[in-house]
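> predicted model and sequence below, questions to follow.
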Amino acid sequence: MISDRIKCPRSLVTCHSSLFFMKRLTNQAERELARREIASLLDARGEWFCAEGKRGAPMALRPGEWELSAVGTGVHFSYLSERGLRVWRVTAWEWTGERLLLEVARRAGAERAALELVPRASARAGIEVLRAARQAACEQLAKLACEFLPGAKIERVRLSAGARRTEPGRYARILLRRGGRGELIAVTGAIVDLKRQEADAVVSSALLWWLRLRESVRKETISELHLIVTHGLREPVVRRLALLRADVRCELRLWEANEGWRELALVPLTDLRELLAASPRFQRPAQFLLSEAAERITALAPEEIDVVRARHGETLRYQGLPFARVRRVSDVERVWFGVATAGEKTAARRLLDEESWPQLAKLLAELAAHRRADAPDLRHAFYRSMPESWLETLLRRDITQLDPGLIISPLHAQFRAARDGQGTGSRPVDLLALRRDGRLVVIELKTSEDVALALQAADYWRQVETHRRAGHISQTKLFGDLEIQDEPPLVYLVAPFLRFHRSFHALARLVSPEIEMYRFDLNEDWRAGVRVVRRTRVSSE
């Protein structure tokens, strides 16, 4: 397996090497010289990839989409990003021969960043290097598979398609032939380092490739699909494969590769009944009273602001977008506010006190202006950020908009059925609800296409059903004194119309018929009010 250290253009965004000394702009002569030289570099190479440190993926800047100007005693570099117009004051710079490094600041130096600009031609060369390295890893994996599958010979070795047309894929696509012109064997595996949370994507990608392969070589028989994973992905993938139909699992083989990819070990698969017989630990979601600080802030916009429980306090959200956190420090409530917009992992937060209340009021006014269904600027970061949380907030206010048979309260958002450290690679369930007939409902929300949706939702079903069978949900009175039927949960998959992946149904049909799934297509303008356009059962019967 190769590392993703050679990513392009993102891998070109590294810390500034000590081999290059930044030219600091300390006087007007240096600033004017820097402005001319930087402008000459930018003009000479046309299109660039620009990244702000490690905050997000690089963005393409074409001629006319950036401006370098002398303002007062400073050199300002500005460009349009997904977060709006960005204007930085350049404090130092360096041209390495391959990339342009800019040390920049804004807001009177309160915010600093390192910009890295890479010419498209350099990025293209880096991508080709990465593609060659991954192709070599594919060939290494194919040779290893032949060693552990007696009589098998390599028929074809390719890379999977990348997320974008210009990017190399992350998976090996190997076709082996056993016995002259005999049967074909499909082999696949990730040739980059993946986290266990990516198990859904690994299995979904492998299954879709297998389905397409069987359609493209109808004259020959593809007897088996062999999936090769590393140790960290072994348990999560075993759990995902158990969610498939029995006839599908019969044609799958799972292998674990040791470190260095020198040996393979066959991993025994389990079936769904064995998986559901487990008795995992369960912790009832903690009940909490709203803090005085949260009540005070919520009162400013009670229809738009909701409060969710966080690990060490409360998180306040405006139409699903977190903007403040309440924490108790030494028995004193403290509030920090600020919004992390697109491309930012964390927000630049400020401590709330009497002096900063006007800034919080200003932030709420901006949210009110831009985070609403009829916002004037649909490209504004406040409007575009975290749409799934926005949809979740709308449904939490009235879940009967989705299904009149659902009980409005209690309704559990971001429900963690599996505790951290169990190695399942599972994330929290968006919504866990109860129908009036006593049937549990697992609700998964999406606002954009996700190829792994069916498998991801099936794993959520597995988590909830395991706890239901163990009696944890009834014993802890998760839904109070309401009666829960002795029936497996239903699964509701919810997304705006045309936002289900084109391969959604192909994967959903591979899921065990014990998992009853329904697809809910919503109106495209769901922010103005949720309406169900179409409801269909998608799981096999």
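Perfect, I can see it now.
> ranges for the helices of the stretch 151-300 of the chain?
Per DSSP state H, counting those that start in this stretch, the stretch 151-300 of the chain carries helices over the ranges 199-216, 231-241, 246-249, 272-276, 292-298.
> what packs against the helix of greatest length in the chain?
Longest helix of the chain, by residue count under DSSP state H: helix 120-148. Here helix 120-148 touches strand 48-52, strand 152-161, strand 168-178, strand 183-190, strand 222-229, strand 264-267, going by 3 or more CB pairs under 8 Å, 6 or more residues apart in numbering; DSSP states H and E. The way it works is simple: take the backbone N, C-alpha and C, and place the C-beta from them, glycine included.
> between it and strand 168-178, how big is the angle?
With axes from the mean of the first three to the mean of the last three CA atoms, to 10 degrees applied, the angle from helix 120-148 to strand 168-178 works out at 30 degrees.
> show the pLDDT at the closest residue to residue 179 other than its chain neighbours.
If the residues on either side of it in the chain are set aside, residue 179 comes closest to residue 151, at 6.0 Å by CB to CB, 6 or more residues apart in numbering. If you check residue 151, the pLDDT there is 87.
> for residue 95, same thing?
If you check residue 95, the pLDDT there is 91.
> which strand residues bridge it?
Counting by DSSP bridges, residue 95 forms beta bridges with residue 100.
> that one contacts residue 41, correct?
Yes - the criterion here is CB atoms under 8 Å, and residue 95 meets it with residue 41 at 6.0 Å.
> which other helices and strands contact the helix or strand encompassing residue 389?
Counting by DSSP states H and E, the element that carries residue 389 is helix 387-397. Of the remaining helices and strands, those touching helix 387-397 by 3+ CB pairs under 8 Å, 6+ apart are strand 429-434, strand 440-445.
> quick check: which of those strands is nearest to residue 117?
With CB to CB as the measure, strand 440-445 is the member of those nearest residue 117 (37.0 Å).
> what is the closest one packed up against?
Here strand 440-445 touches helix 387-397, strand 429-434, helix 453-469, strand 490-496, going by 3+ CB pairs under 8 Å, 6+ apart.
> just to revisit the earlier point, the longest helix of the chain relative to strand 152-161, how many degrees between them?
Using the same axes, to 10 degrees: helix 120-148 against strand 152-161 is 150 degrees.
> in helix 120-148, what counts as buried?
Judged by neighbour count (16 or more other CB atoms under 10 Å), helix 120-148 contains these buried residues: 120, 122-123, 126-127, 130-131, 133-135, 137-138, 140-142, 144-146.
> ok, residue 76 - contacts?
Residue 76 makes contact with 67-70, 87-90, according to CB atoms under 8 Å, 6 or more residues apart in numbering.
> from residue 531, how far out is residue 378?
20 Å (CB to CB, to the nearest Å).
> repeat for residue 125
To residue 531, residue 125 is 50 Å away according to CB to CB.
> same deal with residue 192?
Applying CB to CB to residue 192 and residue 531 gives a distance of 41 Å.
> what's the answer for residue 413, then?
The gap separating residue 413 from residue 531 is 21 Å, by CB to CB.
> who has more neighbours out of the two?
Neighbours per residue (other CB atoms under 10 Å) separate residue 413 from residue 531, with residue 413 holding more: 20 against 13.
> so residue 352 touches residue 325, yeah?
No - with contact defined as CB under 8 Å, residue 352 does not count as touching residue 325 (9.8 Å).
> got any residues that touch both of those two?
Common neighbours of residue 352 and residue 325 (CB under 8 Å, 6+ apart) are 335-337.
> doesn't residue 333 lie inside a helix?
No - assessed with DSSP: H, G, I helix; E, B strand; the rest coil, residue 333 is strand; it does not lie in a helix.
> can you pull the contacts of it?
Applying CB under 8 Å, 6+ apart to residue 333 gives the contacts 291-293, 326-327.
> now it, which residues is it bridged with?
Judged by DSSP bridges, the bridge partners of residue 333 are residue 328.
> what do you get for residue 66?
Counting by DSSP bridges, residue 66 is bridged to residue 79.
> got the helices and strands packed on strand 440-445 as TSV, with mean neighbour count, mean pLDDT and distance to residue 373 columns?
Putting the helices and strands packed on strand 440-445 into TSV (neighbours: other CB atoms under 10 Å; pLDDT from 0 to 100; distance: least, CB to CB, whole Å) gives the following:
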stretch	mean neighbour count	mean pLDDT	distance to residue 373
helix 387-397	20	95	10
strand 429-434	25	94	21
helix 453-469	24	94	25
strand 490-496	23	97	13
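> for residue 155, which of those is the nearest?
helix 453-469 (27.9 Å).
> what's near enough to touch residue 187?
Here residue 187 is in contact with 141-142, 145, 172, 174-176, 225-226, 228 (criterion: CB under 8 Å, 6+ apart).
> in CSV, list these along with pLDDT.
Listed next are the contacts of residue 187 as CSV, based on pLDDT from 0 to 100:
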residue, pLDDT
141, 93
142, 94
145, 93
172, 95
174, 95
175, 94
176, 93
225, 95
226, 96
228, 96
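> pLDDT score assigned to residue 17?
pLDDT recorded at residue 17 is 39.
> do the same with the one 10 residues further on
At residue 27, the model reports a pLDDT of 87.
> ok, now residue 56?
Residue 56 is assigned a pLDDT of 55 by the prediction.
> same check, this time on residue 287
If you check residue 287, the pLDDT there is 67.
> same check on residue 327?
pLDDT for residue 327: 91.
> residue contacts, it?
312-313, 333-336.
> now residue 493
444, 446, 453-454, 457, 500, 517-520, 538.
> could you measure from residue 251 over to residue 365?
Applying CB to CB, the value for residue 251 to residue 365 is 59 Å.
> okay, the contacts of residue 333 in JSON lines with distance to residue 348 next?
As requested, the contacts of residue 333 are exported to JSON lines (distance: CB to CB, whole Å):
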{"residue": "291", "distance to residue 348": "23"}
{"residue": "292", "distance to residue 348": "25"}
{"residue": "293", "distance to residue 348": "20"}
{"residue": "326", "distance to residue 348": "18"}
{"residue": "327", "distance to residue 348": "17"}
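> from those, keep the buried residues only.
Burial by neighbour count, judged by 16+ other CB under 10 Å, picks out 291, 293, 326-327 from these.
> quick revisit: what's next to the helix holding residue 389, contact-wise?
With contacts defined as CB under 8 Å, 6+ apart, helix 387-397 is touched by 306, 317, 319-321, 371, 401-402, 411, 413, 430-431, 443, 445-448, 494, 526-527, 530.
> out of those, which end up buried?
Using 16+ other CB under 10 Å as the burial test, the contacts of helix 387-397 include 306, 317, 319-321, 371, 401-402, 411, 413, 430-431, 443, 445-447, 494, 526-527, 530 as buried.
> might you report the residue contacts of the nearest residue to residue 160 once chain neighbours are set aside?
Once flanking residues are discounted, residue 160 sits nearest to residue 169: 3.3 Å by CB to CB, 6+ apart. Counting by CB under 8 Å, 6+ apart, residue 169 touches 134, 159-162.
> and for residue 444?
Residues in contact with residue 444 (CB under 8 Å, 6+ apart) are 429-430, 453, 456-457, 460, 491-494.
> I'd like those residues laid out as TSV, including distance to residue 100.
Formatted as TSV, those follow (distance: CB to CB, whole Å):
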residue	distance to residue 100
429	45
430	42
453	40
456	40
457	45
460	45
491	50
492	49
493	45
494	45
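> which segments of the protein make up each domain?
Per automatic domain parsing, the structural domains of the chain span 4-120, 149-270, 292-375, 387-537.
> so for residue 282, which of those sits nearest?
It is, among these and with distance given as CB to CB, domain 387-537, at 3.9 Å.
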